[in-house]
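Asks: fold the following for me, if possible:
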Amino acid sequence: MAVKPKSRAILEPLAESAIDSNNSPIKALALSKLPDGQILIYINTLSGLLLLYSLRIPQNSPPEIAFVRRISLPGAGGRSSLNLIHALVHLGKVLILADGLLYLVDSGLLEPVKRISLFKGVTAVSRKFRSQSYSSSLYTNGGSQSNYVYSNGNNIDSSNLFAIGIGKKLVIAELILSGSLVILKEIQGVLDGIIMTLLWVDDFIFVGTKIGYYLYNCINGRCGLIFSLPDSSVVPRLKLLVKESRVLLMVDNVGIIVDMEGQPVGGSLVFKEPPDSLSEIGSYVVAAQNSTVELYHKKMGCCAQRFMVGDGGGGPCVLADEENESGKLVVVAMGLKLICYTKVSGEAQIKDLLRKKSFKEAVSLVEELQNEGEMTKEMLSFIHAQVGFLLLFDLHFKEAVDHFLLAENMQPSELFPFIMRDPNRWTLLVPRNRYWGLHPPPKPLENVIDDGFTAIQRAVFLKKAGLETAVDDEFLLNPPSRADLLESAIENMIRYLEACRERDLAISVREGVDTLLMYLYRAVNCVEDMERLASSQNSCVVEELEALLNESGHLRTLAFLYAGKGMSAKALSTWRILARNYSASSYRRDQPGETDLHDPARKFTLGWETAAIEATKILEESSDQDLVLQHLGWIADINQVLAVQILTSEKRINLLSPGKTNNDMYRNPHISSMCYIYIYIHIYIYIYFHTAYALLLAKTALETYEVELSAQDSVVGMPENEKQVSELGRSSIFDSPVRERLQIFLQSSDLYDAEEVLDMIEESELWLEKAILYRRLGQETLVLNILALKLENYEAAEQYCVEIGRPDAYMQLLEIYLDPKDGREPMFKAAVRLLHYHGEMLDPLQVLERLSPDMPLQLASDTILKMLRARHHHHRQGKIVRNLSRALDVDASLARLEERSRNVQINDESICGSCHARLGTKLFAMYPDDSIVCYKCYRRQGESTSVSGRDFRKDVILRPGWLVTR
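Replies: Numbers count the residues shown, from 1 in each chain. Predicted coordinates:
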């Protein structure tokens, strides 16, 4: 929302001169700017005098107004108030309306005045003005050539056309070179009331009478009422606003702005009193009433400047401007004085507002000038930066940074002196730009706040004494604390530097931005922001931050910085220190609410685990084997999974050497437990590791087997909560039981030496492991004995027989069940189970021979009977399938014979089903659907698609047979 501007200097006096008018009141005033830069000023008095003054603006001397000459207008000098001057620069002429008569004189008043006798009783006159967007269309809106004022010729210069009001009649005339006016058209009967003012813009003529304002369209000849005037209204007045191509219609003290079609646009201008004269300069309308001159903003409608002319007692003022969008002069004539005012530049106005600390008004003016195209982007950036520095020294840090962000050309290094004291690494990068010299030189924020805080305290004292100060009332009513001001300053500086990181900066400037941003984060203890910046891509200078972060204890941030800059050794050492500090702190593993790292229900990661994870990320990419082994131990103590990730990472360019790594790990007592894990990962790449890994696992399994047996006795009677503790830590493969890992490896690998592993566990109770090894060696009988007798896993034994696939394996298992030896009782239930599920694989005669006479008949009778019935069923079922197959073969042979025995009769009337040509003696083909085609069409269509489009490969024809019917 725009800020209502306070009164400021928009116009300032440029030059002035006395008027020798013989005490005759001034009635009309006009300006004419010549190509050589000279400005001519014409003054018409009530007594009929025409005065000429010249204004020159030299570069090295002050401007001055000089009197040139005067002439008298013959027949003028009455009491009529209708006086008007039109300076026709392109013709070197001046047209004057005085006392109802028109006069023409040369621009220098050197020749005698010529009175145009064709027109008398003239009440208003206007030359044609052309707007910047003017584009005449002769035949639009239903207009015809006869209606248009140029109908008698196409070579008329529009600047030589005039609209003349004579009573109620409107006349269109052309000024020719001989100095005469030629009537082009007369318009009568369309206006009510006497014409009192005229304004011709493009193809529209605005007419003002006592009745109201009218708009005449020169294209179609239509005239319409814009709006009526009240009976008590003063004389109507029209003013062309050249810059916006708008027209100002005056109704008493209200100015209504309309477009070229008479439609109101924007707001209205409300003057204090009906003005005596109007002019335009830039975005302002200048109004004069008595001896007061006021400037009103066209869009906002507010009075921006008001001043008195002379001593305020010289009578009414008359105004004149250059009547173009770039005009910068306004001339005021009053009584015996002529004063020329010039527009103050936008920069000067802004500078004046900033000196008065009217920052909002200055910003509003900046936006206004930018919208009007009167300010370049470079100047806009400069002013935003200047306002920002002034607000910064006034302790308005948020508003200051808002302006810094709008200053696109401002360098971030300009704020470096506010953060770090000079001299420093970036001192030479700071541009020595004092702007307009409105603010002190840069200094640290602490000093800025101290000086501002002192000024606030002084202002409070002066306020109590009844004196005005430049300090904001907000600070006076509620003085802030120094700590609050410093916090606000740092937070807003952080906001600015964070925004600058998104810009394309030089490398040195980017280093300064990131490093100082880290300084500010540390100042307000924004640990998360510090770590986020350090762990992301940044340009921080580690040397500037190393000591600072060490002293403040922000080791995590320092470790991230080291890692980001490729200083892996320092980063890992820092993470190791952090892990040691975390483990020595109060955060321990037995603390309530904490669980293992891999527990999906854990809520947060412990400090030493985080350190191990971050160190792992570095070591996964490091090819320095010594560095890896140096830090592998403490990471393995925290989490073995992370250690394995380090050893097996494929992110590094050069992979670690397995042999050298294993030797080093064996020699290091802190990480020898990781050796078998590393071998486990690499066995799929290096064959010679398989046997070594299997032996390691077997040895460990033998050692733990006895421990587990003794532990089972001690667990009896233990409370439930203590039993659960022993189950923790099995969320990864390396936390699972050793025997389980050994079994998985023995089953999955084919590259280890089974005999060597078997020799180690031969005398142990690891029966399942021995079964896997015997199976690998092909010892089927030993495998079946272990599965059936030692482990009593009947399902596994039967599955092993299925894998072998031979009937003798089933018979061998049946013999083991019936004769277990070693004094064990026969396993009749297991034998019955085998006969029940796999009886079809056994020969009934052999089964009967193997059955023991001691086996109870009720156990074997049902199973044997079922087995015999199944074999008999399979035999009969096979005979049925065989006979059905033979029947289908016979049916197919018969169908082929029938197809081959089909015939077709061709006569002279037979034609091809595709091209419809007579077959005669031609070769032909017959498709399975009995359609006939000539051989040529057969070759074109192919043997699988008939004339009807049927594809026999997809849509097969089924012929009924003796076995398969429809």
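Asks: quick one: pLDDT of the residue of the chain most remote from its centre?
Replies: Ranked by distance from the centre of the chain (Cα atoms, centre = their mean), the top residue is Pro853, with 90.1 Å. The confidence metric pLDDT takes the value 70 at Pro853.
Asks: check which element follows the helix or strand of the chain with the lowest mean pLDDT along the chain.
Replies: Within the chain, no helix or strand scores below helix 720-725, which has a mean of 42 by mean pLDDT, DSSP states H and E. If you walk from helix 720-725 toward the C-terminus, the next helix or strand you reach (DSSP states H and E) is helix 738-748.
Asks: off-centre distance for that following helix?
Replies: 54 Å (Cα atoms, centre = their mean, to the nearest Å).
Asks: what residues does that helix touch?
Replies: Outside helix 738-748, the residues within contact range by Cβ atoms under 8 Å, 6 or more residues apart in numbering are 680, 693-694, 697-698, 700-701, 704-705, 733, 752, 757, 766, 768-769, 772-773, 776. Bear in mind the C-beta positions are built from the backbone N, C-alpha and C, glycine included.
Asks: of the residues you listed, grab the buried ones for ChimeraX.
Replies: Selection of buried members from these for ChimeraX, criterion 16 or more other Cβ atoms under 10 Å:
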select :680,693,694,697,698,701,752,757,766,768,769,772,773,776
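Asks: picking that back up, name the helix or strand for the residue farthest from the centre of the chain, please.
Replies: Residue-wise, Pro853 maps onto no helix or strand under DSSP H and E.
Asks: for it, what are its contacts?
Replies: Counted by Cβ under 8 Å, 6+ apart, Pro853 has zero contacts.
Asks: how much space between it and Phe828?
Replies: Distance check for Pro853 against Phe828: by Cβ to Cβ, to the nearest Å, it reads 13 Å.
Asks: likewise for Ile226?
Replies: From Ile226 to Phe828 the distance is 121 Å (Cβ to Cβ).
Asks: next one: Gly452
Replies: For Gly452, the distance to Phe828 - Cβ to Cβ - is 104 Å.
Asks: likewise for Phe129?
Replies: Separation of Phe129 from Phe828 (Cβ to Cβ) stands at 125 Å.
Asks: with Glu544 instead?
Replies: Distance from Glu544 to Phe828, by Cβ to Cβ: 88 Å.
Asks: likewise Arg902?
Replies: 69 Å.
Asks: okay, the two: which has more neighbours?
Replies: Phe828 (17 against 9; other Cβ atoms under 10 Å).
Asks: check what pLDDT that one gets.
Replies: 80.
Asks: Tyr496 and Ala407 touch, don't they?
Replies: No - counting by Cβ atoms under 8 Å, no contact exists between Tyr496 and Ala407, whose distance comes to 10.4 Å.
Asks: next, Gly437: phi, psi?
Replies: Note on Gly437: its backbone torsions stand at phi 70, psi 30 [degrees, to the nearest 10].
Asks: counting neighbours, what do you get for it?
Replies: 8.
Asks: what's the closest non-adjacent residue to Arg501?
Replies: Distance criterion Cβ to Cβ, 6 or more residues apart in numbering; nearest residue to Arg501, sequence neighbours excluded, is Val513 at 6.1 Å.
Asks: could you confirm the one you found falls within a helix?
Replies: Yes - applying DSSP: H, G, I helix; E, B strand; the rest coil, one finds Val513 inside a helix.
Asks: if I pick it, what's in contact with it?
Replies: 412, 497, 500-501, 505, 539.
Asks: who's in contact with Leu240?
Replies: Leu240 touches 129, 199, 201, 247-248, 280, 323, counting by Cβ under 8 Å, 6+ apart.
Asks: make TSV out of these and add distance to Gln305 and neighbour count.
Replies: Converted to TSV, the contacts of Leu240 look like this (distance: Cβ to Cβ, whole Å; neighbours: other Cβ atoms under 10 Å):
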residue	distance to Gln305	neighbour count
Phe129	27	18
Leu199	26	22
Val201	27	21
Val247	23	24
Leu248	18	20
Glu280	14	24
Glu323	21	17
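Asks: got a pLDDT number for the residue nearest to Gly193 when sequence neighbours are not counted?
Replies: Spatial nearest neighbour of Gly193, excluding adjacent residues (Cβ to Cβ, 6+ apart): Thr209 at 3.3 Å. With respect to pLDDT, Thr209 scores 93.
Asks: for Thr209, what are its contacts?
Replies: Thr209 neighbours (Cβ under 8 Å, 6+ apart): 191-196, 236.
Asks: any idea how far it is from Leu215?
Replies: 12 Å.
Asks: what residues are shared contacts of these two?
Replies: Joint contacts of Thr209 and Leu215 (Cβ under 8 Å, 6+ apart) do not exist.
Asks: which helix or strand contains Ile96?
Replies: strand 93-98.
Asks: quick one: buried residues of the following helix or strand past that strand?
Replies: Remark: after strand 93-98, the chain's next helix or strand is strand 101-106, criterion DSSP H and E. For strand 101-106, the neighbour count (16+ other Cβ under 10 Å) marks 101-105 as buried.
Asks: does Cys340 count as helix, strand or coil?
Replies: strand.
Asks: can you map out the helices along the stretch 551-700 of the chain?
Replies: 555-564, 568-584, 607-619, 625-638, 640-648, 658-667, 675-682, 689-715 (DSSP state H, counting those that start in this stretch).
Asks: nearest to Gly805, out of these?
Replies: helix 689-715 (28.0 Å; Cβ to Cβ).
Asks: which other helices and strands does the closest one contact?
Replies: helix 675-682, helix 738-748, helix 754-761 (3 or more Cβ pairs under 8 Å, 6 or more residues apart in numbering; DSSP states H and E).
Asks: of those helices, flag the one that's most buried.
Replies: helix 675-682 (a mean of 20; mean count of other Cβ atoms under 10 Å).
Asks: re the thing from before, can you name the residues in contact with the strand holding Ile96?
Replies: 27-28, 30, 32, 42, 44, 48, 50, 73, 76, 80, 82-88, 102-107, 122, 124-125, 127, 162, 175, 179.
Asks: taking these one by one, which sit in strands?
Replies: The strands, defined by DSSP state E, take in 27-28, 30, 32, 42, 44, 50, 83-88, 102-106, 124-125, 127, 162, 175 from the contacts of strand 93-98.
Asks: filter the contacts of strand 93-98 to the buried ones?
Replies: Members of these classed as buried by 16+ other Cβ under 10 Å are 27-28, 30, 32, 42, 44, 48, 50, 73, 76, 82-88, 102-105, 107, 122, 124-125, 127, 162, 175.
Asks: now intersect the contacts of Leu240 with the helices, please.
Replies: Cross-referencing the contacts of Leu240 against helices under DSSP state H gives no overlap.
Asks: between those residues, which sits nearest Glu621?
Replies: Among the contacts of Leu240, and counting by Cβ to Cβ, the member closest to Glu621 is Glu280, at 71.8 Å.
Asks: tell me the bridge partners for that closest one.
Replies: Taking DSSP bridges as the rule, Glu280 bridges to Val285.
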